[in-house]
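A.B. asks: one predicted model, sequence on top.
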Amino acid sequence: MSRRIPIIASIAVGSMVLLAGCSSGSSPNDNGSSSAPSEQAGPATLKVQYLQSDTFTAMNTLMTSVKTEFESTHKNVTVELQPVTATDTDYDTKLSLSLRSASTAPDVFYEDTFQVKSDIEAGYLLNLDTYLKTWPDWSQFNEGAKAAGQGDDGSIYAISLGTDTRVIWYSIPVMKKANITLPWQPKTWQDILDTAAKIKAAEPGVVPFTMYAGTGTGEGTVMQSFYELLYGTGNGLGLYDASAKKWIVGSQGFIDSLTFLETLYKDGYAVTPAEALDPNVWKTVLGTLMPEAKAGGTVEGSYTPSFWEKGGPFPWPAYTTDVGTALFPTQNGEAPGGVSMSGGWTLAASATTKNPDLAFEFMSLALNHDNALSYAIAASQIAVRTDVAAEPTYLAANPFQKAVTDAVSVTHYRPATSDYPKISSAAQTATESVITGKQTPQEAAAAYDTAVEGIVGADMVTKQ
Amino acid sequence: MTAPITKAGPGTSSRASRRASGVSVALPGKAVPRLLANVILIVIGLCFLIPLVWMVLASIDPKASYQTQVPQSFTLSNFSAVLTPELAFGPLWNSLLLSLGTAVITVVVAVLAAYPLSRYQARYNKPFMYTVLFGTTLPITAIMVPVYSLFVQFNLLDSLWGVILFMSAAALPIAIWMAKNFMDSVPISLEEAAWVDGASAMKALRVIVVPLMRPGIAVVFIFVFIQAWGNFFVPFILLLSPSKQPAAVSIYAFFGQYGAIAYGQLAAFSILYSVPVIVLYVIISRGVGGSFALAGAVKG
Amino acid sequence: MTAQPLVKHDAALPTGGPHPHRTAGRLGRALPLVPSVLLLATFLLGPVIWSFYGSFTNSALSGPNAKNPQFIGLKNYVDLMNDPVFPLSLIVTLVFVIVSAIIGQNVLGMSIALLMQRANHVVGSIVGTLVVAAWVLPEIVAAFIAYAYFSNDGTLNQLLALIGVTGPNWLFSFPMVAIILANVWRGTAFSMLVYQAALQDVPTEITEAAMVDGAGGVQRLIYITLPMIKTSISTNLMLITLQTLSVFTLIWVMTKGGPASASSTLPVLAYHEAFQFGDIGYGTAIATIMLVVGAIFATIYVLLLRSEDQVK
């Protein structure tokens, strides 16, 4: 029987070559993005992929209207919209899987800023420099937005759709019942714990103050919880020393941040650990607990009003008066007195698109003044175009627009390196181990350090 | 019908579908153990039944939750809510294309392969059958990562045909086994007459063997179809366009984000999605050769 | 190139096949095998070869290694050995396979088959149908049902409340118990059908003769029935072991491998590493290890059948 193995192996290789030969050409059943040549003479198809869910429809609205507009001016172009219904994490996975192959990569796609760097290095994204040079609107984008789509080579590969900040959202009725002075602005972590203790004593059955933890909520765990803690400790560098280009390990701030989460969960201030691991815990917190005055507060993004507004997934007319915001404090009230995190999503085009000109035209249409304005309002984004940011309708979109925009002054961005997604996952795992009682904060922090060293190599870390 | 796997070694002609039905033979004169056996079986049956009850009750309950409860009122709104082109019809159509394509290709290729294996005694028969046997045990989920990489290389990602060919290949080892054993049970003497008439081997296969082993072919076909219909992981990784995804993936995308979800709709969709395979299973177990037909053949 | 090697080994003896001069020669006889050989070689053998190769590279979904994957030798395997999650995942996989398949499905399936021989025919066939129902359902549907059943406010805790017990949050506190029970529920039908068929082969005269000799029920089972169906037992064990080794959907829907990797079997770990963290090479190394484990089982199985074959 062993004699057959080389035979079968050679058949395997042979048929693989055959198959690869057949499919590398543009075979008729190849459902690739566009079969038309790049000179836009013949009909062309533009495949556009983006995230959609029961709680996020603003992108679908935008893309649908841009498709109509685009097709009316480009008679022989079909825009094929591909809304992907998924969680953020599953969307990232799905997008990576399709970018890997030129035949499946969408021409234009919606991408999280933290994936941009990694995808630039993979060569997946189209260099936009030549197009931006002649696009008058580009000067309207602020510096932060430009940096979000920039590669190490200085070129721009993705254009920001908007940014966000994170603040504390608290329930005014719950605070009132517990006799907390309003407006509430905790100065230190201890202030949060003290307030939570008062709420717990005054209102049994109410979740006093919850913050995300665990891998279930993915980037939400770090962006809306752990980093608010971590970046408010020590020298405020957080994960990464950008000047030395090294990842920080062995920091006391990391342990302290985990300890804070441990306290929150152990003392019953947060939701139960089991609930926290549900990827949709945020729907419970924002959709049920907050509107029903069953939660004192939580840390969430500037886009939160989009969930509560009329037409949103959890309409709550009274939110404009029943909700207050506060900056998340630094550990002991150190300067600058608050912490926020910023991310956001971009539009990018595939490096392998057969119609780069059309792809950019589509992007620039989606990102022009009018579309950017309506998207910023519908998705409760912080505008990155200066002309949009000055619009009265944008400023009056919801009563918290000023508060969340002010948080920009104390905000941080995630390290823009291709290793970041894995390191973020290691940090999420650390929070999960701590709130489930599997590890102490010290043990979890040590495990994180080991993981980071394994991901980037021992010469790329710095001890603190 | 366990024969294909449990009894027959490669190269031996096994007696396929020897047993017509799965009627169990109760031993006489054992009154007390018999009562006890009944009681234990009923308890086991209940344990298997209870989880299923939730699906049925929740699907007609306007206020369904994860609790098993008798609905306060009866509704079909859960069914009408999921019966949309986007959620149900498109994905179910894709499931049908995938399963039908896989089943047809697998059956045709397996019957072709079974013919020389059953009719000629060649030296490659044994090693071939051992290789096939080995293939039946490959853990398919284990190779999804390399399969993905391979699909990227071949430009087959997001291609329905690619997925159909892969699922056919995965089902092929067991299908060849089953087909060969069914074919062995067709007496060769009938073909001899045809050879005298000057028919080619392929014609004999088409005109004589295939019609005689129709029940066997039906078993292989339905078996492969059911497997493909229920497959989640393969299309989840290899099909990326939402418009190409089968029901298994769409049900995951819409409802898999558990939490504040529509339990009633989930249950309703689950029922709609399961009905075709349940019907097919009933056909196979009643119509062709009893449920034992699947027993020896099935690979999870 | 595909058919050529087959010619050499084709020493077909015309024993009742079509008359030689009617066939297109020996090559022609093997021709119907070609489509199956092509399919198997491309889509099963191909990924297996690719798996070994890919596990020696740092291929990735994104980042610089996506563009230029490099050959890194055994680094993925060395990293796996040092990764604290890997040994945990191995143990979780082992526990899952042994408890849910080898003990759970196998013993329960045989018990049901044995009880059916004794029980009322109607009871037997109804229970048989219920057991099979869980197995015929699409995997993802079975997974959702199991999720609903074990969730905190699900049916199991509802039942426990009836007898005054406050059930734990199974999926969180005892994820392994939940996925093991779910896999027993889903997979027992296979073992039951195999043993039902096998027991049909045990001639009633033999067991009846034993009864005349006064052999007790348990003794009869151990000394007469089990040895007579031992091939079915070993085959069944081998198949359900490999089926359970590749269970993904059930675990993915119920626990996603969590909490904190507590129910992360090897397929779930491979998915995580390869597709969620984008580390294709590392995920491929995990897949290769699963293939090796599977191949060991498969070899034992094939050898077993072969020795059986030679006995005849």
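C.D. replies: Cool, got the structure.
A.B. asks: can we go C-alpha only for contacts and neighbour counts from here?
C.D. replies: Noted.
A.B. asks: and for C:D213, the neighbour number?
C.D. replies: By other CA atoms under 10 Å in any protein chain shown, the residues close to C:D213 number 9.
A.B. asks: could you report the distance from it to C:P203?
C.D. replies: Distance of C:D213 to C:P203, given as CA to CA, to the nearest Å: 16 Å.
A.B. asks: ramachandran angles for the most centrally placed residue in chain C?
C.D. replies: The residue lying closest to the centre of chain C (CA atoms, centre = their mean) is C:Q243, at 1.0 Å. In terms of degrees, to the nearest 10, the main-chain angles of C:Q243 are phi -60, psi -40.
A.B. asks: what's the answer for B:Y66, then?
C.D. replies: phi -80, psi -10.
A.B. asks: verify the contact between it and C:L156 for me.
C.D. replies: No. Contact criterion CA atoms under 8 Å: B:Y66 and C:L156 do not qualify, at 10.0 Å.
A.B. asks: what touches both of those two?
C.D. replies: Common neighbours of B:Y66 and C:L156 are listed as C:Y149 (criterion: CA atoms under 8 Å, 6 or more residues apart in numbering or on different chains).
A.B. asks: point out where chain A drops to low pLDDT.
C.D. replies: Filtered on pLDDT under 70, chain A yields the residue ranges A:1-41.
A.B. asks: and what of the stretch 151-300 of chain B?
C.D. replies: For the stretch 151-300 of chain B (pLDDT under 70), the answer is B:256-261, B:287-300.
A.B. asks: what is the burial count for whichever residue of the stretch 201-350 of chain A sits closest to chain B?
C.D. replies: Closest residue of the stretch 201-350 of chain A to chain B, CA to the nearest CA: A:N280 (5.3 Å). Other residues near A:N280 come to 18 when the count uses other CA under 10 Å.
A.B. asks: for it, what are phi and psi?
C.D. replies: Main-chain torsions, A:N280, degrees, to the nearest 10: phi -100, psi 20.
A.B. asks: so it makes contact with A:T215?
C.D. replies: No. Look at A:N280 against A:T215 with CA under 8 Å: they stay out of range, at 11.6 Å.
A.B. asks: where in the stretch 151-300 of chain C is pLDDT low?
C.D. replies: If you take pLDDT under 70 as the line, the stretch 151-300 of chain C has these spans: C:211, C:215.
A.B. asks: what about the helices in the stretch 51-200 of chain C?
C.D. replies: For the stretch 51-200 of chain C, the helices defined by DSSP state H, counting those that start in this stretch cover C:64-67, C:75-82, C:85-95, C:106-118, C:121-136, C:139-150, C:155-162, C:170-173, C:175-200.
A.B. asks: okay, the ones you listed in TSV with distance to C:G217 and mean neighbour count next?
C.D. replies: Shown next, in TSV, are these (distance: least, CA to CA, whole Å; neighbours: other CA atoms under 10 Å in any protein chain shown):
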stretch	distance to C:G217	mean neighbour count
helix C:64-67	64	19
helix C:75-82	49	15
helix C:85-95	31	17
helix C:106-118	11	22
helix C:121-136	19	19
helix C:139-150	36	26
helix C:155-162	34	17
helix C:170-173	38	20
helix C:175-200	15	24
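A.B. asks: what's the closest of those to B:L266?
C.D. replies: helix C:139-150 (8.5 Å; CA to CA).
A.B. asks: what's that closest one packed up against?
C.D. replies: Secondary structure elements in contact with helix C:139-150, counted by 3 or more CA pairs under 8 Å, 6 or more residues apart in numbering or on different chains; DSSP states H and E, are helix B:31-59, helix C:155-162, helix C:175-200, helix C:249-254.
A.B. asks: repeat that with 7 Å
C.D. replies: In terms of contacts (3 or more CA pairs under 7 Å, 6 or more residues apart in numbering or on different chains; DSSP states H and E), helix C:139-150 is packed against helix B:31-59, helix C:155-162, helix C:249-254.
A.B. asks: need the contact partners of it.
C.D. replies: Contact partners of helix C:139-150, identified using CA atoms under 7 Å, 6 or more residues apart in numbering or on different chains, comprise B:51, B:55, B:66, B:230-232, B:248, B:270, C:134, C:154-156, C:170-171, C:178, C:182, C:249-250, C:253-254.
A.B. asks: go with 8 Å
C.D. replies: B:51-52, B:54-55, B:66-67, B:230-232, B:248, B:252, B:270, B:274, C:134, C:154-157, C:169-171, C:178, C:182, C:186, C:249-251, C:253-254.
A.B. asks: and chain A, which of these reach it?
C.D. replies: When contact is defined as CA under 8 Å from any CA of the partner chain, the contacts of helix C:139-150 meet chain A at C:N169.
A.B. asks: give the contact list for the residue in the stretch 151-300 of chain B that chain C sits nearest to.
C.D. replies: Using CA to the nearest CA, the closest approach of the stretch 151-300 of chain B to chain C is made by B:G230 at 4.1 Å. Residues in contact with B:G230 (CA under 8 Å, 6+ apart) are B:A248, C:L137, C:P138, C:E139, C:I140.
A.B. asks: would you confirm that the second one contacts B:I278?
C.D. replies: Yes. In terms of CA under 8 Å, C:L137 counts as a neighbour of B:I278; the distance is 7.2 Å.
A.B. asks: neighbour count for those two, which is higher?
C.D. replies: Between C:L137 and B:I278, counted using other CA under 10 Å, C:L137 has the larger neighbour count: 25 against 17.
A.B. asks: what sits against the residue nearest to the more buried one when sequence neighbours are not counted?
C.D. replies: Leaving out its chain neighbours, the residue that sits closest to C:L137 by CA to CA, 6 or more residues apart in numbering or on different chains is B:S274, at 5.8 Å. By CA under 8 Å, 6+ apart, the residues touching B:S274 are C:L137, C:P138, C:V141.
A.B. asks: tell me which of those is nearest to chain A?
C.D. replies: For the contacts of B:S274, the closest approach to chain A (CA to the nearest CA) belongs to C:V141, at 18.2 Å.
A.B. asks: any idea how far that closest one lies from C:G294?
C.D. replies: For C:V141 relative to C:G294 (CA to CA), the value is 26 Å.
A.B. asks: what does B:L239 show for phi and psi?
C.D. replies: phi -110, psi 120.
A.B. asks: and if you look at A:M341?
C.D. replies: phi -120, psi 140.
A.B. asks: how many neighbouring residues does it have?
C.D. replies: 23.
A.B. asks: partner residues bridging it?
C.D. replies: Using DSSP bridges, the beta-bridge partners of A:M341 come out as A:H412.
A.B. asks: what sits against it?
C.D. replies: A:D164, A:T165, A:R166, A:M223, A:Q224, A:Y227, A:E228, A:T411, A:H412, A:Y413, A:R414.
A.B. asks: can we see that at 6 Å?
C.D. replies: By CA atoms under 6 Å, 6 or more residues apart in numbering or on different chains, the residues touching A:M341 are A:T165, A:R166, A:T411, A:H412.
A.B. asks: dump the residues you listed into TSV; add distance to A:E453 as well.
C.D. replies: Output for these, formatted as TSV (distance: CA to CA, whole Å):
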residue	distance to A:E453
A:T165	30
A:R166	29
A:T411	27
A:H412	23
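A.B. asks: mark which of those are buried, thanks.
C.D. replies: Neighbour counting by 16 or more other CA atoms under 10 Å in any protein chain shown classes A:T165, A:R166, A:T411, A:H412 among those as buried.
A.B. asks: pick out whichever of those sits closest to chain B.
C.D. replies: Nearest member of those to chain B, counting by CA to the nearest CA, is A:R166, at 23.3 Å.
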